[in-house]
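Peer 1: Quick one: sequence and predicted model below, then my questions.
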Amino acid sequence: MNERFSEWEYPEIEEGKPTKYNWVVQHRDNLKLGFKTDIGAFTYINAKYGVIIEDLVQIGSHCSIYSVQRSITNRARLHLEKTVRLGVIAL
């Protein structure tokens with residue numbers, strides 16, 4: 001993974017618009033993105049109540065991440081700790 005991300009830079013994130021890697025964030029001011037993260041294309045992140053993604057986290061394509069559930073009144077910050085893999089198959 002180190003070689004793959006030797007020139008990694010923080011992506012420009014605009015509210016509700018796809019990044020150059022084709023993933024989207026709503027409530028971007030509530031997103032804390034770690035160093036050398038890998039977020040797959042067509043992933044959606046809703047950070048209404050806060051999302052923290054630490055360093056070296058991998059998120060597969062087509063994932064949906066929410067800090068809020070519509071069916072109940074849960075309001076909780078979502079925290080993906082360092083090196084977590086979500087929806088990713090590593091061979």
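Peer 2: Thanks, I have it.
Peer 1: Just give the nearest non-adjacent residue to Lys82, would you?
Peer 2: Leaving out its chain neighbours, the residue that sits closest to Lys82 by Cβ to Cβ, 6 or more residues apart in numbering is Glu54, at 4.3 Å. For the C-beta atoms, the positions are set from N, CA and C on the backbone; glycine is no exception.
Peer 1: List the contacts of that neighbour.
Peer 2: Glu54 sits next to Gly34, His79, Leu80, Glu81, Lys82, Thr83, Val84 when contact means Cβ atoms under 8 Å, 6 or more residues apart in numbering.
Peer 1: May I have the secondary structure class of the second one?
Peer 2: Right, His79. Classification of His79 using DSSP: H, G, I helix; E, B strand; the rest coil returns strand.
Peer 1: burial count for it?
Peer 2: Using other Cβ atoms under 10 Å, His79 has 13 neighbouring residues.
Peer 1: What separation do you get for Leu78 and Phe5?
Peer 2: Taking Cβ to Cβ, to the nearest Å as the measure, Leu78 falls 23 Å from Phe5.
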